[in-house]
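S.K.: kindly generate the corresponding structure for this input.
(one chain, ligands or ions: 1)
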Amino acid sequence: MATSGEEQQSQAGRHQEVGHKSLLQSDALYQYILETSVYPREPECMKELRELTAKHPWNIMTTSADEGQFLNMLLKLINAKNTMEIGVYTGYSLLATALAIPEDGKILAMDINKENYELGLPVIQKAGVAHKIDFKEGPALPVLDQMIEDGNHHGSFDFIFVDADKDNYINYHKRLIDLVKVGGLIGYDNTLWNGSVVAPPDAPNEEVCEVLQRLCFGA
Ligand SMILES: C[S@@+](CC[C@H](N)C(=O)[O-])C[C@H]1O[C@@H](n2cnc3c(N)ncnc32)[C@H](O)[C@@H]1O
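M.R.: Residues are numbered from 1 along each chain as shown. This is a model prediction of the structure:
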């Protein structure tokens, strides 16, 4: 059944129907935080990208609005200029990064799927920050290997955000530790996997975990 524009907008505001990716145990409290603190501070272009992404079938993969603002704050606090993102999807965390870094800041952005990036790209362009992004289509590991082999990128990244294939996180870390500068930051999304890391082995998988598992591990 087709939903009206108003219904789609309110779905985007409710973040995800299947639950949320925060560790808060109360959906109502999370919704309260979104409505009183996060959404009022969200730049118009971020809102537009969030609402556009909410209509996409894989929308559960997107960075949440609160995480986007946390990233943005973190980047500003450390004065990040040269950054990297592994796992772009439609670009919500990418736009949060692009808005936080200076005019001559750079983001090396990598994803195996260019189509989803191109979905969000017009919003990024309209926001006037597309010139900061160098998007590379394809798996990230070979790009990292090449950069290490070149030797020109050692210790050159202020901030790196990893939000891609989870089973490669250890392989990313082994390489990124060479590429991040001393005192720089590497952020890994989903390390607590919705709290399931401490769940008993026989605990039922939450629906949100199962969907993410399929999309991020292909399981
Ligand atoms: C959780 S989504 C990223 C969400 C994104 N950070 C955002 O804010 O919307 C994970 C992304 O990782 C990408 N991905 C999966 N395997 C990859 C790989 N080997 N190299 C680069 N990207 C990969 C997927 O195509 C997907 O777009």
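
S.K.: please see if stretch 190-199 touches the ligand.
M.R.: No. Judged by C-beta under 6 Å from any ligand atom, stretch 190-199 and the ligand are separated, with a smallest distance of 7.6 Å. To be clear about C-beta, it is placed using only N, CA and C from the backbone, and glycine gets the same treatment.

S.K.: from the chain's centre, how far out does that stretch sit?
M.R.: Chain-centre distance of stretch 190-199: 17 Å, with C-alpha atoms, centre = their mean, to the nearest Å.

S.K.: show me what from the chain comes close to the ligand.
M.R.: Counting by C-beta under 6 Å from any ligand atom, the residues of the chain that sit close to the ligand are 61-63, 86-90, 92-93, 110-113, 116, 139-140, 163-165.

S.K.: change it to 8 Å
M.R.: Contacts of the chain with the ligand, taken as C-beta under 8 Å from any ligand atom, map to 53, 58, 61-63, 68, 85-94, 96, 110-113, 116-117, 138-141, 161, 163-165, 168, 189-190, 212, 215-216.

S.K.: skipping adjacent residues, who's closest to Glu67 in space?
M.R.: Closest residue to Glu67 in three dimensions, ignoring its sequence neighbours and counting by C-beta to C-beta, 6 or more residues apart in numbering: Ser93, at 7.3 Å.

S.K.: where exactly do the helices run in the chain?
M.R.: 5-13, 27-33, 44-54, 65-77, 92-100, 114-126, 140-150, 169-179, 207-217 (DSSP state H).

S.K.: now mean pLDDT, distance to Val197 and mean neighbour count too, for these, in a markdown table please.
M.R.: Listed next are the helices of the chain as a markdown table, based on pLDDT from 0 to 100; distance: least, C-beta to C-beta, whole Å; neighbours: other C-beta atoms under 10 Å:
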| stretch | mean pLDDT | distance to Val197 | mean neighbour count |
| --- | --- | --- | --- |
| helix 5-13 | 52 | 28 | 13 |
| helix 27-33 | 91 | 20 | 14 |
| helix 44-54 | 98 | 26 | 19 |
| helix 65-77 | 97 | 18 | 19 |
| helix 92-100 | 98 | 21 | 26 |
| helix 114-126 | 98 | 27 | 17 |
| helix 140-150 | 98 | 23 | 15 |
| helix 169-179 | 98 | 13 | 16 |
| helix 207-217 | 55 | 11 | 16 |
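
S.K.: among those helices, which is nearest Ser156?
M.R.: Ser156 lies closest to helix 169-179 among these, at 6.6 Å (C-beta to C-beta).

S.K.: now do the closest one against helix 140-150, angle only.
M.R.: 30 degrees (axes from the mean of the first three to the mean of the last three C-alpha atoms, to 10 degrees).

S.K.: for helix 169-179, packing partners?
M.R.: If you count contacts as 3 or more C-beta pairs under 8 Å, 6 or more residues apart in numbering; DSSP states H and E, helix 169-179 packs onto strand 82-86, helix 140-150, strand 157-162, strand 180-188.

S.K.: what does the second one rub up against?
M.R.: When contacts are defined by C-beta atoms under 8 Å, 6 or more residues apart in numbering, helix 140-150 is touched by residues 86-87, 108, 110, 136, 153-154, 164, 168, 171-172, 175-176, 178-179.
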